[in-house]
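Asks: Got a sequence here, can you model it:
(one chain, ligands or ions: 1)
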Amino acid sequence: MTVESVKPATPDAPELREPPLAGGGIPLLGHGWRLARGPLAFMTRLRDHGDVVRIRLGPKTVYAVTDAGLTGELALSPDYIIAGPLWESLEGLLGKEGVATANGPLHRRQRRTIQPAFRLDAIPAYGPIMEEEAHALAERWKGGGTIDCTSEAFRIAVRVAARCLLRGRFIDERAERLCTALASVFQGMYQRMVVPLGPLYKLPLPANREFNRALADLHLLVDEIIAERRASGQRPDDLLTALLEAKDDNGDPIGEQEIHDQVVAILTPGSETVAATIMSLLLVLADHPEHADKVRAEAEAVTGGRPVAFEDVRKLTHTNNVVTEAMRLRPAVWILMRRAVTDTELGGYRIPAGADIVYSPYAIQRDPRSYRRHLYFDPDRWLPERSGDVPKYAMRPFGVGKRKCPGDHFSMALLTLVTAVLAGTFRFEQVTGSDAATRVGITLRPQRLLLTPVPR
Ligand code: HEM
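Replies: The predicted structure follows:
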């Protein structure tokens with residue numbers, strides 16, 4: 001570990017230090033091999049080297065932030081934008097004009113357009129769909145047999161996001177196609193990000209063909225959904241109507257490409273993250289039957305034995321704490337990236353313009369400096385009398401600042417409802433062949449979770 005000091009920009013400015021270089025790098029590859037071999041362990045151990053550390057990925061220096069407070073500063077500072085390899089590969093595949101990858105005035109305008117569909121007071125309108133989908137899932141599982149949690153979690157996540165935000169019969173008919181396309185696209189995108197072998201992905205291999213087919217179908221589906229909504233002449237109060245009627249800064253309708261990219265940019269993060277979290281929650285219910293029983297008891301106390309309804313969600317406080325604790329230990333979004341647009345400072349360290357900066361919500365949310373018994377699953381740490389012990393920015397699975405996830409209220413309502421419905425209906429047991437190890441992809445989720453739902 002080396003610490004160098006850097007001359008201040010002006011004589012009065014405090015002297016800024018060069019962040020220490022993390023140990024364990026090797027010539028040429030730097031820390032890349034460690035990151036590839038064990039990304040979660042690598043990101044977690046960086047805190048031993050400092051609050052901000054430099055890592056080398058091949059010839060490139062990347063800055064990693066390991067202190068909760070500094071991740072908040074980073075996310076709130078205007079000196080950083082959304083950029084870096086993760087976003088560039090997303091742009092290449094999903095489109096350049098969506099809210100998740102835009103910056104500056106375009107991003108501000110896009111957030112203004114989509115925000116009404118995600119406001120807290122807009123969520124109850126989605127209640128009937130969330131309720132219908134959660135109970136339909138439980139009904140299907142009553143048939144018995146083994147549940148492949150990956151496809152089932154994807155299915156409900158995609159169906160709910162698409163049905164709530166892009167209302168219409170055309171969605172019901174296309175939900176299955178959307179699920180298949182999105183699942184293959186996510187699998188292929190992660191591979192292309194961690195193993196960026198550009199030309200290899202152009203070879204006519206079966207896996208590449210399947211990825212290209214899925215990506216083409218995703219874009220085609222979005223075009224079909226937009227065209228049918230236009231042809232129907234209907235304008236329900238939903239996100240798609242907001243996008244179709246959005247104006248740019250000159251008051252002109254936004255272009256077709258932007259509408260398309262916006263739908264993709266909202267559906268894709270919306271379904272992958274929710275699906276990953278549902279899988280983690282199912283694992284919690286199987287691994288911690290005592291918490292599953294407590295969730296069930298709470299649901300019964302709130303409903304008096306009738307089916308759980310959307311209106312119950314705000315009273316399901318323990319269930320909500322179970323969801324929060326599951327997201328603490330296995331945040332779906334485990335790594336985030338920014339780029340400095342100017343020479344700047346973070347925690348007394350010099351950050352040069354153009355630097356790529358990463359931090360890991362997974363590492364931050366498992367930091368023993370922020371949490372007592374940091375690896376222990378304890379939903380009660382989110383009780384009002386205890387949650388104040390958690391330092392600011394030590395629990396931000398939805399991010400913070402102007403890039404904060406717009407889908408936070410939507411997701412928490414859905415996840416709480418689904419957890420209460422499923423824990424109330426079944427006990428879960430892992431079956432032979434199930435592999436609950438954490439799979440690191442664009443999101444974190446169990447590798448291949450196979451469960452038997454046993455009706456209560
Ligand atoms: C468990 C569920 C979810 C988690 C954990 C999650 C997490 C996140 C995180 C960490 C970010 C990035 C914040 C940053 O860069 O600082 C993000 C951005 C985003 N999320 Fe979510 N998300 C979830 C669900 C959803 C849903 C349901 C939707 C929409 C249907 C959605 C749409 C988006 C969009 C559009 C962005 C980009 C926002 C921007 O850059 O302005 N997410 N999400």
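Asks: From His260, how far out is Gly251?
Replies: 21 Å (CB to CB, to the nearest Å). For the C-beta atoms, the positions are set from N, CA and C on the backbone; glycine is no exception.
Asks: ugh, wrong one, Ser387
Replies: Distance from Ser387 to His260, by CB to CB: 41 Å.
Asks: Those two: which is more packed in?
Replies: More neighbours surround His260 than the other of Ser387 and His260, with 19 against 13 (other CB atoms under 10 Å).
Asks: For the more buried one, list the residues it contacts.
Replies: When contacts are counted by CB atoms under 8 Å, 6 or more residues apart in numbering, His260 touches Gly95, His219, Val222, Asp223, Ile226.
Asks: If we go by neighbour counts, what in the helix ranked longest in the chain is buried?
Replies: The longest helix of the chain (DSSP state H) is helix 256-287. For helix 256-287, a neighbour-count test (16 or more other CB atoms under 10 Å) marks 258-286 as buried.
Asks: What parts of the stretch 51-200 of the chain come near the ligand?
Replies: Ala75, Val99, Ala100, Arg111, Ala161, Leu165 (CB under 6 Å from any ligand atom).
Asks: ok, now how distant is the last one from Phe154?
Replies: In this structure, Leu165 lies at 16 Å from Phe154, with CB to CB as the measure.
Asks: in the stretch 251-400 of the chain, which ranges drop under the pLDDT threshold?
Replies: Along the stretch 251-400 of the chain, no part satisfies pLDDT under 70.
Asks: now what about stretch 371-384, what contacts it?
Replies: 284, 288, 291, 318, 320-322, 324-326, 328-329, 365-368, 386-387, 389-390, 394.
Asks: Separate out the buried members of these.
Replies: Looks like the contacts of stretch 371-384 have 284, 288, 291, 318, 320-322, 324-326, 328-329, 365-367, 390, 394 buried, using 16+ other CB under 10 Å.
Asks: Of those, which fall within the contact range of the ligand?
Replies: Among the buried ones among the contacts of stretch 371-384, no residue sits close to the ligand (CB under 6 Å from any ligand atom).
Asks: one step back: just checking, which helix or strand succeeds the longest helix of the chain along the chain?
Replies: For helix 256-287, the succeeding helix or strand toward the C-terminus, using DSSP states H and E, is helix 289-303.
Asks: Taking helix 256-287 as reference, get the angle to that next one.
Replies: 110 degrees (axes from the mean of the first three to the mean of the last three CA atoms, to 10 degrees).
Asks: Could you tell me which residues within helix 289-303 count as buried?
Replies: His291, Ala292, Lys294, Val295, Arg296, Glu298, Ala299, Val302, Thr303.
Asks: Report the distance from it to the chain centre.
Replies: 27 Å (CA atoms, centre = their mean, to the nearest Å).
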